[in-house]
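sequence and predicted model, in that order:
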Amino acid sequence: MLTPSREAISHAAALLRAGQLVAFPTETVYGLGGDATNDRAVADIFAAKGRPQFNPLIAHVPGLGEAEKFAVFGPLALRAAARFWPGPLTLVLPRRYDCSISLLVSAGLDTVAVRAPAHPVAQALLRETGRPIAAPSANRSGRVSPTTAAHVAEELGANVAVILDDGPTPIGLESTVLDFSAEAPALLRPGAITLEQLTELLGSVSLTAPNRVMSPGMQASHYAPALPMRLAATEARPGEALLAFGPCAPAGFAEVAWLSRAGDLTEAAANLFAMLRLLDQPRFTGIAVMPIPEHGLGHAINDRLRRAAAPRGAGDHGALRGE
Ligand code: TXA
Ligand code: MG
């Protein structure tokens, strides 16, 4: 674990260019980074996460100029990048014919997901590396995304050359994934940039993925803790822990973690994954979650919670779960 000084970032960039994996902070969650143009490094990412190989990764770039070397931007995609980059928005676009990003990043699709993160450490690392960095969230497959360097060390410490530790990530929820490979833009994963913001900028945004099979991130039980989850809970059941939202929580829970006492959705998003981890302990019988309003960031929070609560087993092969 290294504090991201100039020297630490140069060191990490050299490791990335040499094909090693580096975990780094972004404004959303920590990423498990590898040189996106190096097939071997990308394969190592999948191996480290225990993630199925057909689940495509995001290629991180410093900005639009670099992204245009790899992906084909139409007018709406350009507008989205101009407005929200650098920031927590991922664009799924057709690969350019001369795209040097590993096909493994695209998991065999003819599209590539690109994002310019706003976090200063991510920006410095990208510029210093001089190559696109493929980075999924730095958690093991099926676990929730890491919002601190300690989460990364716990699950992937043995698999990374360096973890750049810059404290908790400010947003705490993954980027919004928007697909521009079909006629109309389609929201593949709600996230930090809200549907309201996108609709205002782009006109209509479809909520149906062009091809569900092609976006494994939509897998229902994607962000599942080990304990059973119960949503919109208004009263306690024996032995349950509670994820609370707003000033008043029902009594009788074995433990309470407050997403936001003030009922602030931004604060709740930042706390979500760390608190799910905190409560995911065998001494509880389950995790109950109070109702979260379905607007703004609440849309993304509820999406993650529904996935975490999705029934496991039937039709959900272990190998497909989580990323
Ligand atoms: O905030 C974030 O996006 C974080 C930080 C590290 O940047 N990264 C992240 O990556 O969440 P990951 O791999 O955990 O999630 C990437 C999502 C998945 O849902 C994946 O299916 C989708 O993006 N995706 C990537 N490439 C795609 C493509 N070509 N077509 C459709 N979906 C794609
Ligand atoms: Mg992930």
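Sure thing, it's come through. Ligands and ions are numbered 1, 2, ... in the order given.

burial count for the residue in the stretch 1-150 of the chain that ligand 2 sits nearest to?
Per CB to the ion, residue 137 is where the stretch 1-150 of the chain lies closest to ligand 2, at 3.3 Å. The way it works is simple: take the backbone N, C-alpha and C, and place the C-beta from them, glycine included. Residue 137 sits with 25 neighbouring residues when counted by other CB atoms under 10 Å.

residues contacting it?
Neighbour list for residue 137: 29-32, 145-146, 174, 323 [criterion: CB atoms under 8 Å, 6 or more residues apart in numbering].

which members of the residues you listed are positioned in strands?
31-32 (DSSP state E).

and the contacts of residue 137, which is the shakiest by pLDDT?
For the contacts of residue 137, the model is least confident at residue 323; its pLDDT is 45.

enumerate the residues of the stretch 151-300 of the chain near ligand 2.
Residues of the stretch 151-300 of the chain lying close to ligand 2 (CB under 5 Å from the ion): none.

which residue ranges of the stretch 151-300 of the chain form strands?
162-163, 176-179, 186-189, 229-230, 240-245, 255-260, 286-289 (DSSP state E, counting those that start in this stretch).

ligand 1 contacts on the stretch 51-200 of the chain?
Contact residues, the stretch 51-200 of the chain versus ligand 1 (CB under 6 Å from any ligand atom): 55-58, 90, 92, 106, 109, 111-113, 115, 117, 135-137, 174-175, 177, 188-189.

8 Å instead, please
51, 55-58, 60, 88, 90, 92, 105-107, 109, 111-113, 115, 117, 122, 135-139, 145, 171, 173-175, 177, 179, 181, 188-189, 191-192 (CB under 8 Å from any ligand atom).

among those residues, which are in helices?
Among these, DSSP state H puts residue 122 in helices.

of the residues of the stretch 51-200 of the chain next to ligand 1, buried ones?
Among those, those scoring as buried are 51, 55-58, 60, 88, 90, 92, 105-107, 109, 111-113, 115, 117, 122, 135-139, 145, 171, 173-175, 177, 179, 181, 188-189, 191-192 (criterion: 16 or more other CB atoms under 10 Å).

where's residue 14, which helix or strand?
In this structure, residue 14 sits in helix 6-17 according to DSSP states H and E.

any idea how far that helix is from the chain center?
Centroid separation for helix 6-17 versus its chain: 23 Å, with CA atoms, centre = their mean, to the nearest Å.

give the buried residues for that helix.
Quick answer for helix 6-17 (16+ other CB under 10 Å): 8-9, 11-13, 15-17.

could you tell me the angle between the longest helix along the chain and strand 240-245?
Determined from DSSP H, the single longest helix within the chain is helix 265-279. Between helix 265-279 and strand 240-245, the angle comes out at 170 degrees (axes from the mean of the first three to the mean of the last three CA atoms, to 10 degrees).

quick one: is helix 265-279 near ligand 1?
No - Helix 265-279 stays clear of ligand 1 (CB under 8 Å from any ligand atom), getting no nearer than 11.1 Å.

please save the CA atoms from that helix in CSV.
Output in CSV follows, covering the C-alpha atoms of helix 265-279 (Å, rounded to 0.1, in the frame of the first residue of the first chain):
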residue,chain,number,x,y,z
LEU,A,265,-28.7,10.4,-1.2
THR,A,266,-25.1,11.4,-2.0
GLU,A,267,-24.0,10.5,1.5
ALA,A,268,-25.9,7.3,1.2
ALA,A,269,-24.2,6.3,-2.1
ALA,A,270,-20.8,7.0,-0.6
ASN,A,271,-21.6,4.7,2.4
LEU,A,272,-23.4,1.9,0.6
PHE,A,273,-20.7,-0.6,-0.2
ALA,A,274,-18.7,-0.1,3.0
MET,A,275,-21.8,-0.6,5.1
LEU,A,276,-23.0,-3.6,3.2
ARG,A,277,-19.6,-5.2,3.9
LEU,A,278,-19.8,-4.1,7.5
LEU,A,279,-23.1,-5.8,8.0
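
okay, the angle between it and strand 255-260?
Using the same axes, to 10 degrees: helix 265-279 against strand 255-260 is 160 degrees.

list of residues touching helix 265-279?
For helix 265-279, using CB under 8 Å, 6+ apart, the contacting residues are 29, 144-148, 151, 168-173, 192, 223, 225, 227, 241, 243, 245, 255, 257-260, 287, 292-293, 295-298, 300-301, 304-305, 308.

try it again at 7 Å.
144-145, 147-148, 151, 170-173, 225, 241, 243, 245, 255, 257, 259-260, 287, 292, 296-298, 300-301, 304, 308 (CB atoms under 7 Å, 6 or more residues apart in numbering).
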